[in-house]
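Undergrad: structure for this input, please:
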Amino acid sequence: MSLYDPDNDPILDVRVLSKYFPCGTFFSSKQVHAVEDVSFAVQRGEVIALVGESGSGKTTTLRLVARLIPATCGEIIFKGCDVLKSEPRKASLDYRRKVQLIFQDPFGSLNPAHTIEHHLSRPLMIHKLAVTRQEVHDQLCNLLETVELKPASEIANRYPHQLSGGQRQRVAIARALAVQPELILADEPISMLDVSIRMGVLNLIHQLKEERGISFVYITHDLASARYIADKTAVMYAGHMVEGGTSEEIMTHPAHPYTQLLLSAVPDPRAGLKTDKNSLARGEVPSLIDPPPGCPFALRCLRVKEACHQQMPEPKTIALNHWVRCHLY
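TA: Numbers count the residues shown, from 1 in each chain. Got it, this is the predicted structure:
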């Protein structure tokens, strides 16, 4: 029996999640430490953003939560139950209905040989949310209207290549909504869209959060969109989470040198093209194959200390709803 309390407990609680990929020859024992001891929680109706540069482990973390790849160790607690220990097919199918994934490339996630009607009707029938042809049609039109694709009957008969990038991404969102999910994992859903239509998708996510109470894990390189849409932000670097807290606190008072580096790269029209030299980093990202001990950012940090090369710092709370893993604190 689950003791999950929807009023107090997070809908998703990820604890010390790690993923190592084997590399090299068949006889090699080397591993790529893609994700290392990642922990975060998502409340019902909350958006948490995972930010960081390419290769930081954001998408791998998302795929672990979606159970597309197996975890090396750790726990994924969804509504009070550890999904990594639930093996029965029925439990797995129920989890995949409640936790949906939106991919970065909307065209790559839609089969070009089938119509939009086919893409939206399949999940309805697989999860038995609609039985008759009329029920499928009614729910399909309702989904398209929810994501503001009108006229719904005309859009349903089109193929993916007949839609714009923004329309295809809205179809992907509609497909995720078809099975009435409680958590949506969005892997950079606006990165391949024109700037002019990104705000529409972000506002749609905000609307779904407010009106339906759907929780989101939102991956992005765009710190401005994270600040706009996310309640909380977690910063990842080389497979580790190095800082986290409310989005406003992270963006206005970044504590970790890496977070400061990320924010320094955001263009500021008022400052012209000037760059703060104190925020620049040196060196390269450390190898994820047998990574060195200590903080992964130590090789690039301008404020590095001796302890940074020896021991990974523990998370320290430095303000209300703001923590950081850095020896400077």
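Undergrad: only C-alpha atoms for contact and neighbour calcs from this point on.
TA: Will do.
Undergrad: show me what counts as buried in the helix or strand of the chain with the lowest mean pLDDT.
TA: In the chain, no helix or strand scores lower on mean pLDDT, DSSP states H and E than helix 89-98, which sits at a mean of 80. Within helix 89-98, the residues that count as buried by 16 or more other C-alpha atoms under 10 Å are 95-98.
Undergrad: let me see the ranges of the helices in the stretch 151-300 of the chain.
TA: Assignment of helices within the stretch 151-300 of the chain using DSSP state H, counting those that start in this stretch yields the ranges 152-156, 165-177, 195-212, 223-229, 247-252, 257-264.
Undergrad: redo these as CSV? Include distance to Q134, mean neighbour count and mean pLDDT.
TA: What follows is the helices of the stretch 151-300 of the chain, written out as CSV (distance: least, C-alpha to C-alpha, whole Å; neighbours: other C-alpha atoms under 10 Å; pLDDT from 0 to 100):
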stretch, distance to Q134, mean neighbour count, mean pLDDT
helix 152-156, 13, 18, 93
helix 165-177, 18, 24, 93
helix 195-212, 24, 15, 91
helix 223-229, 36, 18, 92
helix 247-252, 44, 18, 94
helix 257-264, 51, 20, 92
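Undergrad: can you say which of those is nearest to I69?
TA: helix 165-177 (19.3 Å; C-alpha to C-alpha).
Undergrad: what does that closest one contact?
TA: Taking contacts as C-alpha atoms under 8 Å, 6 or more residues apart in numbering, the residues outside helix 165-177 that touch it are 100-103, 105-107, 109-110, 116, 119-120, 123, 143-144, 146-149, 160, 184, 189, 192-194, 197-198, 201.
Undergrad: find me the pLDDT at the residue nearest to A152 when sequence neighbours are not counted, would you?
TA: Computed as C-alpha to C-alpha, 6 or more residues apart in numbering, the closest residue to A152 that is not its neighbour in sequence is C141, at 5.2 Å. In the predicted model, C141 carries a pLDDT score of 95.
Undergrad: and the residue lying closest to P315 once chain neighbours are set aside, what does it touch?
TA: By the measure of C-alpha to C-alpha, 6+ apart, the closest residue to P315 outside its immediate chain neighbours is R325, 4.5 Å from it. By C-alpha under 8 Å, 6+ apart, R325 lies in contact with 241-243, 256, 312-316.
Undergrad: what's near enough to touch A49?
TA: The contact partners of A49, taken as C-alpha under 8 Å, 6+ apart, are 217-220, 226, 230-234.
Undergrad: find the pair from the residues you listed with maximum spatial separation.
TA: Of all pairs drawn from the contacts of A49, the greatest distance, 14.0 Å, lies between T220 and D231 (C-alpha to C-alpha).
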